[in-house]
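1. Prediction below, plus the sequence it came from.
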Amino acid sequence: MDNFISDEEIVDISDFFKVFGDPTRLRLLILLDENGEMGVGAIADALSMSQSAISQQLKVLRSSRLVKFRKEGRSAIYRLSDDHIHRILTLGIEHYEELL
């Protein structure tokens, strides 16, 4: 195999996809994909969740490098980290819709 992937890379890629396996995180990613940048309060309102719960999920998404944030005053504004995340979400939704 020309493109041999090491065991360490397999584990890292598996961990990357595990983050998408949580329904709350997936909703949050789709929300950011559809709306661009959003603050924690707006995300919490849109998902009918507490800001604390949203912050916990955003911490996981940040550590997995799926979202980025910028400071605006005392607030953090979140967005998807790059177009790869958008394409993964789009492909996942398209695949699901084809199965229906």
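-> That came through, no problem.
2. tell me the contacts of the residue nearest to the spatial centre of the chain?
-> Computing the C-alpha centroid of the chain and ranking residues by CA atoms, centre = their mean puts Leu29 first, at 3.9 Å. When contacts are counted by CB atoms under 8 Å, 6 or more residues apart in numbering, Leu29 touches 20, 61, 66-67, 80, 85, 89. In this view, the C-beta of every residue, glycine as well, is placed from N, C-alpha and C.
3. Sitting in strands, which of those do you find?
-> Among these, the members falling in strands (DSSP state E) are 67, 80.
4. Out of the contacts of Leu29, flag the one nearest to Glu34.
-> Nearest to Glu34 among the contacts of Leu29, counting by CB to CB, is Leu89 at 9.4 Å.
5. give me the number of residues near that closest one?
-> Here the number of neighbours of Leu89 (other CB atoms under 10 Å) works out to 19.
6. One more: Val67?
-> As a burial measure, Val67 scores 21 neighbours (other CB under 10 Å).
7. what's the neighbour count on the nearest residue to it once chain neighbours are set aside?
-> Among residues not flanking Val67 along the chain, Leu61 sits closest, at 4.4 Å (CB to CB, 6 or more residues apart in numbering). Burial measure for Leu61: 22 neighbouring residues, criterion other CB under 10 Å.
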